[in-house]
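> Sequence below, structure please.
(chains A, B, C and D)
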Protein chains: 2
Amino acid sequence: MALTDPTTRPAGPIVHPFIAKLDGFVALTEEAKAALKQASLGAHLIGPRIDLLREGDMPEGGILITEGIACRYKHRANGARQITAYLVPGDTCDLEFHPFREMDDAIATVSACRVARISAATLNELVAGHPTVAQALRMTALVDKATLREWLLNIGSRSAMERIAHLFCELFVRLQTVGLTAEDGYVLPMTQSDLADTAGLSSVHVNRSLQSLRRQGVIDLKGKNLTILDWARLKTIAEFKANYLHLGDRAAA
Amino acid sequence: MALTDPTTRPAGPIVHPFIAKLDGFVALTEEAKAALKQASLGAHLIGPRIDLLREGDMPEGGILITEGIACRYKHRANGARQITAYLVPGDTCDLEFHPFREMDDAIATVSACRVARISAATLNELVAGHPTVAQALRMTALVDKATLREWLLNIGSRSAMERIAHLFCELFVRLQTVGLTAEDGYVLPMTQSDLADTAGLSSVHVNRSLQSLRRQGVIDLKGKNLTILDWARLKTIAEFKANYLHLGDRAAA
DNA sequence: CGAGGACTTGAAAGCATTCAACTGAGGTGG
DNA sequence: CCACCTCAGTTGAATGCTTTCAAGTCCTCG
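The predicted structure is shown next:
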């Protein structure tokens, strides 16, 4: 079962995942691509488990992940944490920037990441000067919302194993579009505790659910390497449809 | 305990909740207000429990709710339904419009609603001609996302009673900003089954949780009339902080 | 080699679901 | 005008998924 078509899929990671992502939504002009490239220069390398923005911060601009995986999360008074999104290379947050807005959640790296900060000024130039970029950014906001809704469905109505299977499916497809998957798997830097806080489960139960998936021969997960042994079955378990990601013809089988 | 300040809060429903909402985010010019008023003319009256858009539809423009309450939802193959958002007067969907985009979820009325459809053309004029409107619309998209994240936290980490309490708090604050609350309550058109599909619970358990809230003297719910008997306690139970709604100085105590 | 974090496993307890039956209110048609 | 139907809400009991608590293993890193 070929998950990727080598004639159209990149062999390795895409150099500018952000540009590739936007270009996939709306065909960008060459000037727009150049401007985006310029804007994403000067990305910093940041270690794992570091907060990029905290609740209550007033960000000066937006954030772009170039390498690694980050997450958005919220904390409760009792210490419980809910992860509300994963950011993979090419993903951004708070580009629909608005002045005097306090963060109502936090952003942190999961693995080590390369992170570019995009100032409000740069952003304004980008949007004002390049209508295609503006349109593509609106589309990313739309996809972000659709993804949040799908996660709500996931947590609200699926069983533990289904939730995890769904997350694995989504990450596979998203990472695939930026060339960060192997033929049948990818690097999963989250701990089981992270997965628990993502899926609204206890880490013990995540552990048992993963074992169930392993026992059924659907996945193999050793350390941080996730191998999908039976993509069709994983999709069936998760009831996964990629339509909410709005990838168009980039969508995997 | 005065929930509303009669000197600053409207006594009745706001005539143009959409304009009031946007104006609260970004001060609108008079021309912008006039244009918005024009755009929201011709709202249709639609009965309860009617689909406005279905999954797979390609909407021609956006939707604005002028009266009543609607919801966004997704269905699973097994018939399970997850409500992912409630739309109250002044709320919109799909104004961050993008051509050739298929709906990945559905929109339906809960109560009878007055609904205005805003064409892509009108929308483009509005955004192109009125920067304040464009900025305010970006802000609504931001708040929509923040609300989805809060719901994720709600379903993912709170107990049944807490989830319901949180929803009641959120709706109170949102309805209050458009003048649709009484001093200590509001009209709640959702059935217990709707609440169940919102909170990721069974309707039986919603019923029992409501009774628990009633027994504690926190709320009174008769038919479609919700009365909040103890706002402080309801907020405490829900661990409700309105910051994610980004209402600024409009926020209730 | 020690320490700590991640992962695993077992058993008990609990919150939530399912099934099933019943009440009550609202609307329809004879 | 009332019987009847339907849907929303209520209640009880049994089941079960998930959590919690606790202890122990494995692995990595300093």
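> going forward, measure contacts between C-alpha atoms and count neighbours the same way
OK.
> As a check, name the ranges of all strands in chain A.
A:44-46, A:51-53, A:61-67, A:70-75, A:81-87, A:92-93, A:106-109, A:113-119, A:185-187, A:219-222, A:225-228 (DSSP state E).
> mind checking how far residue A:43 is from chain B?
Taken as CA to the nearest CA, to the nearest Å, the spacing of residue A:43 relative to chain B amounts to 25 Å.
> just checking, that residue touches residue A:89?
No - no contact is recorded between residue A:43 and residue A:89 when judged using CA atoms under 8 Å, the distance being 12.0 Å.
> Now do the shared contacts for the two.
Between them, residue A:43 and residue A:89 share the neighbouring residues residue A:66, with contact defined by CA atoms under 8 Å, 6 or more residues apart in numbering or on different chains.
> Tell me which residues touch residue A:40, please.
A:64, A:116-118.
> returning to that earlier point: neighbour count winner among residue A:43 and residue A:89?
More crowded of residue A:43 and residue A:89, by other CA atoms under 10 Å in any protein chain shown: residue A:89, with 28 against 18.
> The more buried one contacts residue A:20, correct?
No - using CA under 8 Å, residue A:89 is not in contact with residue A:20, being 10.4 Å away.
> Give the buried residues for stretch A:121-130.
Neighbour-count burial for stretch A:121-130, with 16 or more other CA atoms under 10 Å in any protein chain shown as criterion, is recorded at A:122-123, A:126-127, A:130.
> Please list the residues of chain A that sit near DNA strand C.
Listed as neighbours of DNA strand C in chain A under the rule CA under 7 Å from any atom of the strand: A:190-193, A:203-205, A:207-208, A:210-211, A:223-224.
> that older thread, take the strands of chain A and lay them out in a markdown table including mean pLDDT, mean neighbour count and distance to residue B:49.
Supplementary listing: these in a markdown table, determined by pLDDT from 0 to 100; neighbours: other CA atoms under 10 Å in any protein chain shown; distance: least, CA to CA, whole Å:
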| stretch | mean pLDDT | mean neighbour count | distance to residue B:49 |
| --- | --- | --- | --- |
| strand A:44-46 | 95 | 15 | 50 |
| strand A:51-53 | 96 | 16 | 41 |
| strand A:61-67 | 95 | 23 | 40 |
| strand A:70-75 | 98 | 22 | 33 |
| strand A:81-87 | 98 | 22 | 30 |
| strand A:92-93 | 95 | 20 | 35 |
| strand A:106-109 | 97 | 22 | 37 |
| strand A:113-119 | 95 | 21 | 44 |
| strand A:185-187 | 97 | 21 | 43 |
| strand A:219-222 | 96 | 17 | 42 |
| strand A:225-228 | 97 | 19 | 41 |
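> Tell me which of the ones you listed lies nearest to residue A:145.
In this view, the strands of chain A are compared for proximity to residue A:145 by CA to CA, and strand A:81-87 is the closest at 10.3 Å.
> at contact distance from chain B, anything in that closest one?
Yes - on the criterion CA under 8 Å from any CA of the partner chain, strand A:81-87 is in touch with chain B at A:81-84.
> and what of stretch A:116-127?
No - under the criterion of CA under 8 Å from any CA, chain B is not reached by stretch A:116-127; the shortest gap measures 11.6 Å.
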